[in-house]
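Undergrad: My questions are about this predicted structure, shown below with the sequence.
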Amino acid sequence: MILKKGIPAPDFELNSTPDQTLKLSDMKGKRVILAFYPADWSPVCGDQMSLYNETRKIFQKYKTEVIGISVDSKWSHLAFAKAKNFHFPLLADFEPKGKVSKEYGAYDDSNGTSSRALFIVDENGVIAWSYLSPVGINPGADIIIDALEEMDSTDNNVNK
Amino acid sequence: MLTNKNKNMSTLRTPVGGLDHKKGKSSATITLVEYGDYQCGHCGEAYSLIKKLMKHFPDELLFVFRNFPLQESHPEAMGAAQAAEAAALQNKFWEMHDLLYEQQSQLNKDNFIYFAESLNLDIDQFEKDYDSENVMSQIESDIESGIRGGVNGTPAFFINDTRLDSYDETYESLEEAVKNAER
């Protein structure tokens, strides 16, 4: 069961490049999309991460950054990100394998990979929305944009 | 509080309209929309499947192509989409579309002009249109309608406005989908 709306997002620090790490709590004040996915090097052209690379600009309109997370190593991520020209971090949930994915309930034991789970962490570090996609199905970006729109409309109502 | 409450994620958000590139008879009863990228190898494979499909269902099928260039993964995809849209302004969209897929490994600006020449386009006009706001906004609006309609990669197909999830890169999966579509 993936973590649901209203739960504080468990903090983590994972490698984003071979010599840099990224800590979730350092991103407080920003909205963050955590996109757990099974593996680098998917055989399709418009795989999920490539799609988010394209839709990053739309996410940024909602003051939101996207981060990909899988159990692949930092070296695999480096090569994958370079090959696909990604402009957002891919985090390596590699050692201990899948630890962060498991904390979010986004680990698929049968395959030994992260599930295809999406979370939006709000400015205060609380999970504002989450979604688990069947592993074979790329959930696309539309449902994320819908969730961000809804968060904005809720914020506006609170401010009124 | 809920926005877009009635929206089904896998439904075409922007209906087929006047600005779309269509192929087939206007009396056709089934509409197949593809969101594609000219530099995507899987779209290149789909291209020949679609050709075959159009021959098999000449009266029933209307094919619509919308641009979904993955610009970051495919550096020439945007330029190719611009070339197709610029050719469209001289009524040669499908001719350029076919050339781009048939010469998929040769996509670059010099060749787009060469393709335009081979289609006897007015080259000055083609070059002007290539970077024009008109062409760019057409592509942007295709991309946006795709993202909001649940396009999650390329090629993405919609049959009669519903996303086709059963496509498995075989001709049979397309043929089956067309046969099962409501007429």
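TA: Looks like it arrived, so ask away. Numbering: from 1, shown residues only, chains lettered A, B, ... in the order given.

Undergrad: For the closest residue to chain A within chain B, the count of nearby residues, please.
TA: Going by C-beta to the nearest C-beta, chain A is nearest to B:G153 of chain B, at 2.9 Å. Heads up, the C-betas are built off the backbone N, CA and C, glycines and all. For B:G153, the neighbour count with other C-beta atoms under 10 Å in any protein chain shown is 21.

Undergrad: can I assume it sits in a strand?
TA: No: counting by DSSP: H, G, I helix; E, B strand; the rest coil, B:G153 is not part of a strand but coil.

Undergrad: quick one: contacts for the residue nearest to it when sequence neighbours are not counted?
TA: Spatially, and ignoring its direct neighbours in sequence, B:G153 is nearest to A:G46 (2.9 Å; C-beta to C-beta, 6 or more residues apart in numbering or on different chains). A:G46 makes contacts with A:N138, B:D37, B:C40, B:F68, B:L70, B:S73, B:V151, B:N152, B:G153, B:T154, B:A156, as judged by C-beta atoms under 8 Å, 6 or more residues apart in numbering or on different chains.

Undergrad: Give me the buried positions along stretch A:12-23.
TA: Neighbour-count burial for stretch A:12-23, counted by 16 or more other C-beta atoms under 10 Å in any protein chain shown, picks out A:F12, A:L14, A:N15, A:S16, A:T17, A:L22.

Undergrad: Select, from those, the two members most distant in space.
TA: In terms of C-beta to C-beta, the buried residues of stretch A:12-23 reach their longest pairwise distance at A:F12 and A:T17, which sit 16.0 Å apart.

Undergrad: any idea how far A:A106 is from the nearest residue to A:W75 once chain neighbours are set aside?
TA: Leaving aside its chain neighbours, A:W75 sits nearest to A:P18 (6.6 Å; criterion: C-beta to C-beta, 6+ apart). For A:P18, the distance to A:A106 equals 24 Å [C-beta to C-beta, to the nearest Å].

Undergrad: what does A:Q20 give?
TA: 23 Å.

Undergrad: which element is B:L100 on?
TA: helix B:93-102 (DSSP states H and E).

Undergrad: Which positions within that helix qualify as buried?
TA: B:F93, B:W94, B:E95, B:M96, B:H97, B:L99, B:L100, B:Y101.
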